[in-house]
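Q: prediction below, plus the sequence it came from.
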Amino acid sequence: MNALRSAAAAFLGLFVEDRAFAVAIALWLAVCAALAFVHAATPEIRAVVLFAGLSVILVTAVVRDARGGA
Amino acid sequence: MTSIISTALPAFLASLVEFVEALTVVLAVGATRGWRSAWLGTAAGVALLAVAVVAFGPLLRLVPLGALQSIVGILLLFFGLRWLRKAILRYAGAIALKNEANVFARKEAQLRSAARSQATDWPAIATAFNAVVLEGLEVVFIVIAVGATAGALVPAAGGAALAGVLVVGAGAVLRRPLARVPENALKFAVGILLSAFGTFWTGEGLGGEWPGDDWALLRLVGGYLAVAGLALVLARRAAATRTAASNA
């Protein structure tokens, strides 16, 4: 059981290191999925919005960590 | 041709980093606890990964391509952005640059102080095994992620295999960690490539349409490069302000 738990933790660790950063990405994906669900804007604009949001999240997380000494 | 380069190159670069990291630990095990334990742990790790690939690999064919691209795209996004964030922070001086020579020395010290059994050196075997499985898992994920979604699994696996041959060959000849490999530069570049791939597939999975179709991938690479450059400038400023404040 412990081996399974540590294997799961190791697998999760491939994708999540900073929890706040990962949660922000997940929330943004949820927003983009909601936009797609209600057909808000054109598919091209939705794609660009996805990239723009992820860029903002990346810059914000990096600056926050640099300020706080990650 | 474009898909071969766009899958083989990220797979090669990312695998190079992972193989270097695994090699450092295996070398530390070999140098301190004997090469038998290092080889046993490595062989067991490679065997486990091979079994996992053989067992789960065929399942990928059962998943519709659209769903596979969406799932892998999202995972790739988390994976790529995690690497990119950390590489930027290392360049900005907010966290220390990774040095394989230091990792080797630290691991060597740990292994020397660890208890040793008489017949089979389980702690040493487990250390090599863990390193090979963990880093190898990342290689497998990257190959599947960039290869399966683009329908170019063979070039992606070829890129990873070439990286493996180069790193293992260099390690076998030098018998010391490959400290000169510019790990952070590689992680920065791979972070950008994987983030671009992840964003592309996720966008398509969410019903988006990229302007310029497949050429959008190149634009995304350029976009992330610009964003990473901006983040680096801002992070350097923030780190400098923090240092100045702590010195005052």
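A: Received the coordinates, thanks.

Q: hey, let's count contacts and neighbours off CA atoms from now on
A: OK.

Q: show me what the helix or strand encompassing residue B:108 is packed against.
A: Element membership for residue B:108 (DSSP states H and E) is helix B:100-113. If you count contacts as 3 or more C-alpha pairs under 8 Å, 6 or more residues apart in numbering or on different chains; DSSP states H and E, helix B:100-113 packs onto helix B:2-33.

Q: burial measure for the closest residue to residue B:161 other than its chain neighbours, as a count.
A: In space, and not counting its chain neighbours, residue B:161 is closest to residue B:12: 7.7 Å by C-alpha to C-alpha, 6 or more residues apart in numbering or on different chains. When counting by other C-alpha atoms under 10 Å in any protein chain shown, one arrives at 25 neighbours for residue B:12.

Q: now swap in residue B:179 and tell me
A: Residue B:179: 16 neighbours (other C-alpha under 10 Å).

Q: got phi/psi on it?
A: When read as degrees, to the nearest 10, the backbone of residue B:179 gives phi -70, psi -20.

Q: picking up where we left off before, touching the helix holding residue B:108 from outside, list them.
A: Residues outside helix B:100-113 that contact it (C-alpha atoms under 8 Å, 6 or more residues apart in numbering or on different chains): B:21, B:24-25, B:27-29, B:31-33, B:124, B:177-179.

Q: now, among these, which is nearest to residue B:77?
A: residue B:21 (21.9 Å; C-alpha to C-alpha).

Q: quick one: contacts for that closest one?
A: B:100, B:131, B:135.

Q: so where's chain A uncertain?
A: A:1-4, A:69-70 (pLDDT under 70).

Q: residue nearest the middle of it, spatially speaking?
A: residue A:25 (1.5 Å; C-alpha atoms, centre = their mean).

Q: from chain B, how far off is it?
A: Computed as C-alpha to the nearest C-alpha, to the nearest Å, the residue A:25 to chain B distance reads 8 Å.

Q: how about the contacts of helix B:100-113 in TSV, adding pLDDT?
A: Output for the contacts of helix B:100-113, formatted as TSV (pLDDT from 0 to 100):
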residue	pLDDT
B:21	89
B:24	89
B:25	89
B:27	89
B:28	87
B:29	88
B:31	84
B:32	84
B:33	82
B:124	86
B:177	74
B:178	75
B:179	71
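
Q: just curious, which of those is nearest to chain A?
A: The closest of the contacts of helix B:100-113 to chain A turns out to be residue B:21 (C-alpha to the nearest C-alpha; 14.3 Å).
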